[in-house]
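Visitor: The sequence and its predicted three-dimensional model are supplied below.
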Amino acid sequence: MADAGVFVTDAQILKRCGANVSATVSGAGWFDTIIPDIEAFINSAARYNFSDVYATLNVDARGLLTDTAACLAAIEGINYDMSGYTSRREAQAMIDVLRDRALSIISILRDKKTQDFINGA
């Protein structure tokens, strides 16, 4: 099944999940149902519909969107099944790093002073 989103692929998400991600989560298509929701969250949090203009954005802005979506989806995957990680502490540490990264990028995307950059000017 093809990836359901615009911003991110399963492979990009699994990279953020780390080597110990469970087989259930790493299975093909697991993220397809949550990617559209994550992209909607990013659009809402940034107060800008990046999905509609994604193809016209510069490569830097697309990179920010990919990184944010991958981090948020990886958090969902880790929360869904932590069985592959050596401990709950390891899984939680990964979630903390991913959350902090996603939140910092969302704050950049929300900042209207960066609108020219985001729009490729």
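Guide: Nice, I can see it.
Visitor: any idea how far the residue nearest the centre of the chain is from V21?
Guide: The residue lying closest to the centre of the chain (Cα atoms, centre = their mean) is A69, at 1.7 Å. Using Cβ to Cβ, to the nearest Å, A69 is found at 17 Å from V21. Placement of C-beta: from N, CA and C, glycine included.
Visitor: now V97
Guide: Counting by Cβ to Cβ, the gap from V97 to V21 is 14 Å.
Visitor: again with I34
Guide: 15 Å.
Visitor: picking that back up, who's more crowded, V97 and V21?
Guide: Comparing V97 with V21 by other Cβ atoms under 10 Å, the one with more neighbours is V21, at 24 against 15.
Visitor: how would you label the nearest residue to that one once chain neighbours are set aside: helix, strand or coil?
Guide: Spatially, and ignoring its direct neighbours in sequence, V21 is nearest to G84 (5.4 Å; Cβ to Cβ, 6 or more residues apart in numbering). The local conformation at G84, judged by DSSP: H, G, I helix; E, B strand; the rest coil, is coil.
Visitor: pLDDT wise, what is G84 at?
Guide: pLDDT recorded at G84 is 91.
Visitor: what do you get for F7?
Guide: For F7, pLDDT reads 95.
Visitor: Same question for it, what's its three-state structure.
Guide: Three-state call for F7 (three-state DSSP): coil.
Visitor: And the one 5 residues further on, by the same measure?
Guide: When the structure is split into helix, strand and coil by three-state DSSP, Q12 lands in helix.
Visitor: Any idea how many residues pack against it?
Guide: Q12 is flanked by 18 other residues according to other Cβ under 10 Å.
Visitor: So it sits against T66, correct?
Guide: Yes. Taking contacts as Cβ atoms under 8 Å, Q12 lies within contact range of T66: 6.1 Å.
Visitor: what's near enough to touch D10?
Guide: By Cβ atoms under 8 Å, 6 or more residues apart in numbering, the contact set of D10 is 3, 28-32.
Visitor: Just give the nearest non-adjacent residue to A46, would you?
Guide: L109 is the one closest to A46 (Cβ to Cβ, 6+ apart), at 3.9 Å.
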